[in-house]
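Undergrad: here's my sequence, what's the structure:
(one chain, ligands or ions: 1)
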Amino acid sequence: MEVERQIDHLERIPGGAIITTTVDKVLEWGRESSLWYFAFGLACCAIEVLMAAGAARFDLDRFGMMFRATPRQSDLMIVAGTVTKKMAPRVKLLYEQMAEPRYVIATGSCACAGGPFADSYAVLKGVDKIIPVDVYVPGCPPRPEALMFAVQQLKEKMREEVKEKHAKK
Ligand code: SF4
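TA: Next comes the predicted model:
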């Protein structure tokens, strides 16, 4: 069970359970369970993957994920589409305006490595040239399910980071 993975101690009692944990762990569990994402739709992947994943059929909201139109309220930036060299400084600036800890998913071949436009003088060969990327979703375009799988991979990574952080204490 999701909750049981992150708590210190769970004791079952008749009619329920008692949990002992720390405020830190509750906050980390809350963050992982409600990733608010700053959608950075830059080309076709924005429609084919990002909007499709957020709409009713795939419904990212059911994982506690809500779209925000401002970097100040976002934990995750989903870069979906071609990053042109003209747009790159804005992408970097908006990433820097997100509060830490912040995460990035590069969605589609363009965001991962330039895609079909990799040889163009005007296109960045991957958004990781300007900001750190946590999970890559290859494909032109990838399926919305691939983005949803990437979100689960990111959550796994977040859990590992939390474990490492607490192991050092
Ligand atoms: S990876 Fe393909 S579908 Fe996605 S933005 Fe690039 S060209 Fe468009």
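
Undergrad: C-alpha from now on. contacts and neighbour counts both.
TA: Noted.

Undergrad: the ligand versus residue 67, what's the distance?
TA: Going from residue 67 to the ligand by C-alpha to the nearest ligand atom, to the nearest Å gives 19 Å.

Undergrad: leaving out sequence neighbours, find the closest residue to that residue.
TA: In this structure, residue 67 finds its nearest non-sequential neighbour in residue 37, 5.1 Å apart by C-alpha to C-alpha, 6 or more residues apart in numbering.

Undergrad: mind telling me what element the one you found is part of?
TA: Following DSSP states H and E, one finds residue 37 within strand 36-41.

Undergrad: then residue 19?
TA: Applying DSSP H and E, one finds residue 19 within strand 16-20.

Undergrad: ok, and what's touching the strand holding residue 37?
TA: Strand 36-41 is contacted from outside by 46-47, 50, 64-71, 73-81, using C-alpha atoms under 8 Å, 6 or more residues apart in numbering.

Undergrad: state the pLDDT value of residue 6.
TA: Per-residue pLDDT puts residue 6 at 57.

Undergrad: so how far is the longest helix seen in the chain from its chain's centroid?
TA: Longest helix in the chain by number of residues (criterion: DSSP state H): helix 144-168. The chain centroid and the centroid of helix 144-168 are separated by 9 Å under C-alpha atoms, centre = their mean, to the nearest Å.
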